[in-house]
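Student: coordinates only, sequence not included:
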């Protein structure tokens, strides 16, 4: 059902609840309050509920917090990736290191072939 949706199921559920509750009351209250132009306190009648609005607000808040966290994590990963790339380029620039890496690659290939036949 939710295969195309990414993110924690709780946040998706809160947003879905907020949307469903708001739509439910927005669509049903006009029929339940036909002929009523004001609420019990004399104010205009309300066509939504606090539950639905709070669900939407909480869901949006969670989505913003998650997005900020993901962006910060990507920033940390980017810094690590830059450091890794600098070290790797330095290793490949040295002929002895490049030869050792090529030798290691050949050894790993041998191991793969050896264990693939088992």
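Tutor: Sure thing, it's come through. As the structure is a computational prediction, the values presented were derived from the model and not from experiment.

Student: okay, helices next: where are they in the chain?
Tutor: All helices of the chain, identified by DSSP state H, fall at 9-32, 50-93, 95-116.

Student: packing partners of the worst-scoring helix or strand of the chain on mean pLDDT?
Tutor: None of the helices or strands of the chain scores lower by mean pLDDT, DSSP states H and E than helix 9-32, at a mean of 77. Judged by 3 or more C-beta pairs under 8 Å, 6 or more residues apart in numbering; DSSP states H and E, helix 9-32 is in contact with helix 50-93. Quick note: C-beta positions are derived from backbone N, CA and C, even for glycine.

Student: how far is the helix it packs on from where the chain is centred?
Tutor: Mean-position distance between helix 50-93 and its chain equals 9 Å (C-alpha atoms, centre = their mean, to the nearest Å).

Student: quick one on the thing from earlier: quick one: the least confident helix or strand of the chain to helix 50-93, angle?
Tutor: Helix 9-32 and helix 50-93 are oriented at 150 degrees to each other (axes from the mean of the first three to the mean of the last three C-alpha atoms, to 10 degrees).

Student: in helix 9-32, what's buried?
Tutor: Within helix 9-32, the residues that count as buried by 16 or more other C-beta atoms under 10 Å are 11-12, 14-15, 17-18, 21-22, 25, 29.
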